[in-house]
Every structure is written in C-alpha cells, then in structure tokens.
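J.: need a structure here:
(chains A and B)
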Amino acid sequence: MSLNYEDIGKVVPGLDREFQRAENSASQIFKLDRRQFLKLTGIVSGGLMLAVAAPKTRASAGPLNPNGYVHIDENGITLYAKNPEIGQGVKTSLPMIVAEELDADWSKVNVVQSTIDQTKYGMQFAGGSMSIPMNWDSLRRAGATARAMLVGAAAKQWGVGPSTLTTKDSYVIDAMGGRKASYMELASAAAEMPVPDPASVKLKSKDQFNLLGKRITGVDNQDLVQGKPLFGIDQSIPGMKYAVYEKCPAIGGKPNSANLDEIKALPGIHDAFILEGTNNAMEVMPGVAIVANNTWAALQAKRNLKIEWDETEACTDSWSAAQASAKEISEKSGSSVVNAGDVDAAFENSAQQVSGLYTYHFVSHANLEPQNCTAWYHDGQLELRAPTQTPGQAVMSSAKVVGISPQMVTLHQTRCGGGFGRRLYNDFVCEAAAISKQAGVPVKLQWTREDDMAYDLYRAGGFHQMDGSIDSEGKITGWRDRFTTFTNGGGRPVSGGGMSAGVFPGGLLENLSVEQTALEWKTRCAAWRAPGSNVFGFVVMSFLDELAQAAGRDSLEVLLEVLGEPRQLGARGMHTGRAAGVVKLAAKKAGWGKDLGSNRGMGIAFYYSHAGHIAEVADVSVDSDKKVRVNKVTVAADVGPIVNLSGAENQLQGSVVDGLSTMLGLSVTFENGRVEQSNFHRYPILRMSHTPEIDVHFVESDYPPTGLGEPGFPPLAPAVCNAIFAATGHRVRTLPISEEGYSIA
Amino acid sequence: MKLKVNSETIDLDGLDPATPLLWVLRDEIGLVGTKFGCGISQCGACTVLVNGKATKSCSMPISGVGDSEVTTIEGLANEDGTLSALQQAWVDLDVAQCGYCQSGQIMAAEALLRSNPEPSDAEIDQALDPNLCRCGTYLRIKAAVKTAATNLQSAG
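T.: Numbers count the residues shown, from 1 in each chain, chains lettered A, B, ... in the order given. Predicted coordinates:
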C-alpha cells in the first residue's frame, strides 16, 4: 500500500510536509528510495504511522518501546517527559537522565510530554522539588534498559558478544569489527529482544556521564521564542466559548441572586448562570458563571454583574486583628513541638539573653499566567487542557465535580506559566468542568489577575517570639521559639505553617524549645515555594545572627560552631558536613570579612530544605533613607550531581530574585474577609533594574541528586536582613521589610 | 475593520472597537504568543510592537490601532524562517524558566534594539523594567539582549 504526499496532506493537514522532511532525512540515513520509504503500516493512535523497511531489520516488529519513557523507531528517538513543566525545567532535565543512560544523541532526541498514566509513570506531579530525587533511579534504568536491548540486537545480528560492543550518540559500535548501527536501524530488532529486569541493568558511573552536568537549553525554547501555543491559556477546542467566574470576595459567601437576564442580553454573551458548587475551596465555590463568544465580552459582562451575596457564612478574617492576637499569644506558652534539655535553666544561668518578635505577612503565589482551564464535558466524558501541578488529582477532583468516573476524564498536560505551589490545587480545573457541563459547550475558563489575587491559597503569615541565651564565652546555650500560626480549622496548622523538630536548630542545640499556637483563619492557605522553610529560614537565621552579634562574635564562626562535627541528622535531616561545606564555600567566594566601607555590609545564611543544602551571602548597601541596594548575592549549593547546569543555575538565580522580591515588598492583607490587594500595582514584584549580581557555585557531591525548585529561596531573606544589620546596626524582624520603612534603591 | 498584523492585513467584523488588541490577537486571529498577565499595563506580558514601539496590547483598544503595523512574537523570525538574533540569543542562553513572560520581554527588547542598537545596561533596565518575570530570569534576559545586540552589530 502506498500513498502520495497530497493524500496524506488531506488526511492530516501539514503532515505531508512532515513526511517530506522525514523522507529526506531517512533517504540520507538509510539510502532508501521513495518506494521503500512509503510503506504505511496502519493507523496508530488516530494518526498515520510510517514504518521504514530499513535494511537488516525485521519489518514485522514494532518500535522499541520497553517502558513509558523511550520510543525508538526508524524515524528517530522520542523521550517522554512525565511531570508538569512549571518553570523548574523538568521537561528537559528528566529526559536528559534517560538520554544519558541510553547514550542517545541529545541534539536529535524529540521530547514529548507524556500522558497521565499512573501504571506507566507512577506519581506525576510538580511539587516538593521531588521530580529529580523521585525519578533519578527509574529514569536511568529506563534508558539503560533500552540501551541493553539495542546492544543485544546488534550483538545477535553481528554474532558477537554484547560485552564487546559500546554505544555512543545513538549508535551501537563494534570497534573490533569496524562497524556500527544506529538505534533507529536496530529499533525493530531490539523490540524483539527480551526486556531485561530494570533492576539488573548496568548503570554508568558518574565519570562516564557525557550529557549530565552540561548546560542544555530547554526543549521548549524554540517554540517559546516563537510564541507557539504551549501554555494552558493558549489551548482551544473547536466550538469553544470563553468563560469567567465570579465568586464572593469573602470566602464562604453565596450568590442569592444576580442580574442574569441583563447579562445574557449583552452583546456576545452565550449564557450566564449561578453555580451552587460543592462548597469546597479545592473544588467549586458558589458563584456566577458567564459564557461568551470571546474573552473581552466575558470580561465586560463580569464588570456589569450585580450579585447579591449571602454572607452569613462568609469569612471575616482580619490581618490587623490577627496581629493584635498574636502579640498577646506570644507572651504565653503554646503547645510544645520540641522540648529538649532545659531552656529555662539555660536562660537563668546565661551571661546574656536576647529577645525579639519576628513577623511575616501573608503572600500570594501570583503566577504570571492567571489560572485557566479548557474543558469539554459531553456524553458523560470530560476532556481537559489544564496547567496544573497535579494532573492526577485534577482528573479525580473534576470527575467528582461533574459526577463521572475518573476513567472518563482525559487530561492533556500543558506547560504552566509558573507554579510556586498554587497549581497543586485544581479549583480552576473543577470550575471549568462544572461550567462546561452546565453550559453544554466546550469552554476556556479565564481568571482575571484580580480573581487570581483574591482567590489564591495564600502562604500564611506568622509570628515568632524568639528568646535565646549565650554564656560568658559567647556560646549559644538556649533557644526558644513561641510561634503563632494559623489553622483553617481543627487546630492543625495550615500547610507550610507548622513547625517540626527538624527545623533549624533542631538536633543541634542542647536546650531548645519550640511552642506553637494556631489562630482560626477561614481564608485558604496552602503550599508556597519551599513551604515552611520560606519563612522559618528568615526567623531562625536572623535570630542566630542576633545571638552572634550580641556575643560580639563573627556570625560565620557561630554558624559553623552550631553545625558542629559532620554528621547526618535523622533519616531526612541535614548533613552538617555538607552544610558546613556550602557555608564555607559561599563565604570564601563572597570574600567574607573584607572591608566594604561604611553603610555597607555582608550577611550570611544557610538553610536545609527539600534535601538541598544551600548557603547565601548578601552584600548590601543601605542609605540614611533606609533605601536598600543589594549589590551581590553569592550562592553555594550542595544538591549532589547536577543534571542540567544551565537549568540548575537558573533555578538558583530565580530563587534569589524571588526571595528578594518577596522580602522587599510583597504582602497580602485581609480585612472583613477580603483581600486588600488586587493587581500588580499593589503587589510589586521585583523588576530588572533592582536585580543584583548573582554568583552561583555548586558542590557536586556524590550524594544522590535532589531538586532545586525550592531550596534556594529560604536563605535569601535572612542573608539580606543580616547584611542590613551589618551595614546599619538595625535588626529587621518583619517581612516584607517595607513594613519597617525600607525600600529598594 | 482591518488590522495589519505581521505584514498581513486581516479583516475583522462585528467586534467592539473598545476590544483590547490583546484579545483580538488571541481570540480572533489565533496569535496566542502574546500573553495576558494583568490587564492593566503593569506586567508587560502582552507587549507587542505598534509601528515599532513597544506597546501593552492589553490596554490598547483596536480602534486606536488604525493603520499602524502590529508586530507580535509570531512575526519576529527572519524571512527565511530562521530565528531572529534576539530569539536565537534567548535559546542559546536558555533564558526562560516558565517562559510565560518571555514573548513580552523579547518584544520589548526588539523595540529597544530597533531604536538603540548598542544599549547600555541602564538603557536595557529602563526599556525592560515594565516587563515582570515572576521566575526572576532578569540576568539572563539582560545577557541575551546584549548578545543579540553584539551579533546584530557584527552581522552589520
């Protein structure tokens, strides 16, 4: 059977050109004529699949597809990226791990976002900086398995032992026999080889890595710089309408009535209706949906909505009230989280005591791509195109909301315009599904920036009454943290709002007490980049510096003294030797101790989070008007071997900028249950001209590699605040520091 | 109503003349490279060129565009389909993290280099300060602008 290109073009527009290109390259590789090339084997997955009858391979066998990550056929190598890409770089770094063990020529590999399939891929999500540590071993084995089959096929063909063969750049090489065969040529024969047990395949040693550790540009970059439709917001379905959704500004409020007839009469409006929702903030809260012919008509209609809200169960959260309560609570004990040694005795016997109340505000995730989702509910099925960090959870929740089995939901993963934890929660996916079902049409739900800021799941604020003691030699003898946090009910702290025994200096000081009290808070709070650590790092590393300064000692020396001898603290805790390693490296690279002149200083901070050991030194100038200029930030990180040097460095630079942006002026405040900020003019994210020089260094230790999306964030704020102290003698105890009158120069 | 976008003239009928250029590009013409970020000219994700000037398309009604030439990220590649110097520098330096702001950043940089082929650091800051990057890739953006400027200069 054969087709000409015009016929193919009629079936799938544009495919003819793809095939023309494929033939050109195949004819070069395989020396095929056109008749040989055009052998269509059938329809696969709704598309046409070409099989090239390459010489010396068996035409009957399928592609080499030993696991969910590798697909090799006559046309090339495709690697599947399993987890959501939110800017952390995993669509590039995870397939790189497969390519390394496969010995594939990275420049010719095609990377494709995988389907959602737990049986093939296990858990698929972007969170906790887990993509690298959770998948490192299995991805290496996936690549090595395919490689073993290719080598086996070549060995069989050539009648030699597999151990005499080597692989490089997508070729199996027989050096003694003076021959080689490409993976594409070998694919169909390799597909007939037994699939080895992944646990048994031989993996490379670190010194054999060719690809890992290099600077590799992101696999989507070519498309990104040409504006191709990669993101959730770029998706469309034929016949799609554009939806917006208005909820009560105070969570828990319900629409009694709305001017739906007026709205429906507006130009370009397809439908408008009230959704009762599931009253679950992670699914669908009650509100009013508008479905329109385009986004602008929907947005205009949203402005013209008149809704009478029933606010009897709406929240009345107030930041100013919380601050007042926290001040009172901080003076009393809370429930004990850690109680080691005898803090009271340590305080009593100390040479000096130091105290301070640390405060940090709520913040929003503020993904630059506002929440959105394209959904089509029809005939008991749901099709979703969703920028989510938890696609599996999105399938489960949306299925529940529209009342179908999760098997009837198809979710296409899209690139996410930022994650930061916000897209772990799928309320916007559930809303889109519910609106499509009610309207009976495919819809793209678009949140406005104002929606995004008003209906986030915020990083909770918090208050820490810190007390510490030092002895006559300037050693820290006691440490107490009385923490006031928030609960969304039941007394359990919100996600990222609970202290634990592992929080620094847990396990490091003999006399340590951490107590916790949670204030009731109705507005949803949840994970935000480096949950917990993003604020605890500020408190504990600032307070450590306070104690060092009170003792008249060098804070670097005190930090190293507290870390002590190299040892592992618990199964999931830090390794104090790795910690000291990055602390010393950051200090050395920054030139710690050098004279910077007046009104300028350096601060250092270390934090262990998400299995990453990271130290940062900030060099800061402060003028008499409290205008702060961050001259330079030096970062030293130990996350084991680096997968993609370009991506890794980008993550740390980005963490520094995000850390600075957040500590300088970002704050979400609440009164009468309503968020007071609405858009970027009230939520001033850092801009280019305020970006400091950032110098990144890696300790490439032999520990298993861990993620970098989060651990670079926590040390930044304390490093800068400690530098402000070094420059001015003033201790900053509030984030954002604009609350204490500081601004960026 | 007619709109000149990326050297093509497009007929548009039945649209509210107050519709921002952003939504016409995205919803009507299908050029989704231009992004929605804030809707109030604060983030720059929607930056396009209008007669060569960097313009926030979220706040520019189509009635105000008239005969002006609109250039979007989709119209930036060279005539032979290869990437422009700016686009290539963005790829070579692996600028993007999430990438959502980058079309706007590239368009703002394009406007800068058209009027100022050898910008200083301060001039790059000034031209790109209207464009937010939530991931914090500013240092790489600046480096890419400089690389592109150098490459354009040496290409003559």
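
J.: residue in chain B with the shortest distance to chain A?
T.: residue B:33 (1.7 Å; Cβ to the nearest Cβ). The C-beta positions use only the backbone N, C-alpha and C, and glycine is treated the same way.

J.: can you count the residues close to the closest residue to chain B within chain A?
T.: As assessed by Cβ to the nearest Cβ, chain B sits closest to residue A:227 within chain A, at 1.7 Å. Residue crowding around residue A:227 was assessed by other Cβ atoms under 10 Å in any protein chain shown; the count is 25.

J.: can you tell me the SS state at it?
T.: Secondary structure, DSSP: H, G, I helix; E, B strand; the rest coil: residue A:227 is coil.

J.: for the helix or strand harbouring residue A:534, give the mean pLDDT please.
T.: Taking DSSP states H and E as the definition, residue A:534 sits inside helix A:533-550. For helix A:533-550, mean pLDDT rounds to 98.

J.: packing partners of that helix?
T.: Here helix A:533-550 touches strand A:352-360, strand A:462-470, strand A:476-487, helix A:555-563, strand A:600-609, helix A:716-728, going by 3 or more Cβ pairs under 8 Å, 6 or more residues apart in numbering or on different chains; DSSP states H and E.

J.: swap the cut-off to 6 Å and go again
T.: Here helix A:533-550 touches strand A:352-360, strand A:462-470, helix A:555-563, strand A:600-609, helix A:716-728, going by 3 or more Cβ pairs under 6 Å, 6 or more residues apart in numbering or on different chains; DSSP states H and E.

J.: Throw these into a markdown table and include distance to residue A:160, thanks.
T.: Below are the helices and strands packed on helix A:533-550 laid out as a markdown table (distance: least, Cβ to Cβ, whole Å):
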| stretch | distance to residue A:160 |
| --- | --- |
| strand A:352-360 | 65 |
| strand A:462-470 | 66 |
| helix A:555-563 | 54 |
| strand A:600-609 | 50 |
| helix A:716-728 | 56 |
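
J.: just put those in JSON lines and tack on mean pLDDT, distance to chain B and mean neighbour count.
T.: As requested, the helices and strands packed on helix A:533-550 are exported to JSON lines (pLDDT from 0 to 100; distance: least, Cβ to the nearest Cβ, whole Å; neighbours: other Cβ atoms under 10 Å in any protein chain shown):
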{"stretch": "strand A:352-360", "mean pLDDT": "98", "distance to chain B": "20", "mean neighbour count": "18"}
{"stretch": "strand A:462-470", "mean pLDDT": "98", "distance to chain B": "23", "mean neighbour count": "24"}
{"stretch": "helix A:555-563", "mean pLDDT": "98", "distance to chain B": "26", "mean neighbour count": "19"}
{"stretch": "strand A:600-609", "mean pLDDT": "98", "distance to chain B": "18", "mean neighbour count": "26"}
{"stretch": "helix A:716-728", "mean pLDDT": "98", "distance to chain B": "11", "mean neighbour count": "27"}
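
J.: out of these, which gets nearest to residue B:121?
T.: Evaluated over these, closeness to residue B:121 peaks at strand A:600-609, with 20.6 Å, by Cβ to Cβ.

J.: so what strands line up beside the closest one?
T.: Note on strand A:600-609: by DSSP bridges, its sheet partners are strand A:612-622 (antiparallel).

J.: which residues of chain A lie near chain B?
T.: Contact residues (Cβ under 6 Å from any Cβ of the partner chain) of chain A with chain B: A:87, A:217-218, A:221, A:224-225, A:227, A:229, A:234, A:294-296, A:368-369, A:417-418, A:449, A:646, A:650, A:653-654, A:657-658, A:679-681, A:685, A:687-689, A:691.

J.: out of these, which are inside helices?
T.: A:221, A:224, A:295, A:296, A:449, A:646, A:650, A:653, A:654, A:657, A:658 (DSSP state H).

J.: from memory the second one sits against residue B:96, does it?
T.: Yes: A contact is recorded between residue A:224 and residue B:96 when judged using Cβ atoms under 6 Å, the distance being 5.5 Å.

J.: give me the neighbour count for residue A:238.
T.: Here the number of neighbours of residue A:238 (other Cβ under 10 Å) works out to 6.

J.: what's the helix or strand for it?
T.: Here residue A:238 is assigned to no helix or strand, by DSSP H and E.

J.: without its sequence neighbours, what residue ends up closest to it?
T.: residue A:442 (7.7 Å; Cβ to Cβ, 6 or more residues apart in numbering or on different chains).

J.: do you know the pLDDT at the one you found?
T.: Looking at residue A:442, its pLDDT is 98.

J.: name the nearest residue to the residue nearest in space to the middle of chain B, sequence neighbours excluded.
T.: The centroid of chain B falls nearest to residue B:107 when counting by Cα atoms, centre = their mean (2.3 Å). Excluding the flanking residues, the one nearest residue B:107 by Cβ to Cβ, 6+ apart is residue B:47, at 4.4 Å.

J.: residues contacting that neighbour?
T.: The neighbours of residue B:47, taking Cβ atoms under 6 Å, 6 or more residues apart in numbering or on different chains as the test, are B:54, B:104, B:107, B:108.

J.: any idea how far residue B:73 is from it?
T.: For residue B:47, the distance to residue B:73 equals 9 Å [Cβ to Cβ, to the nearest Å].

J.: and residue A:85, by the same measure?
T.: 19 Å.

J.: could you report the neighbour count for the residue nearest to residue B:20 when sequence neighbours are not counted?
T.: Nearest residue to residue B:20, sequence neighbours excluded (Cβ to Cβ, 6+ apart): residue B:58, at 5.3 Å. Here the number of neighbours of residue B:58 (other Cβ under 10 Å) works out to 25.

J.: can you pull the residues of chain B lying near chain A?
T.: Residues of chain B found near chain A, taking Cβ under 6 Å from any Cβ as the criterion, are B:19, B:23, B:27, B:32-33, B:37-40, B:42-43, B:73-74, B:87, B:90-91, B:94, B:96-103, B:125, B:128-129, B:132, B:134-136, B:138-139.

J.: identify the contacts common to residue A:224 and residue B:96.
T.: Counting by Cβ under 6 Å, 6+ apart, the residues touching both residue A:224 and residue B:96 are residue B:102.

J.: could you report the neighbour count for the closest residue to residue A:627 other than its chain neighbours?
T.: Nearest non-adjacent residue to residue A:627, counting by Cβ to Cβ, 6+ apart: residue A:745, 3.9 Å away. Residues lying near residue A:745 (other Cβ under 10 Å) number 14.

J.: equivalent analysis for residue A:637, please.
T.: Residue A:637 is flanked by 29 other residues according to other Cβ under 10 Å.
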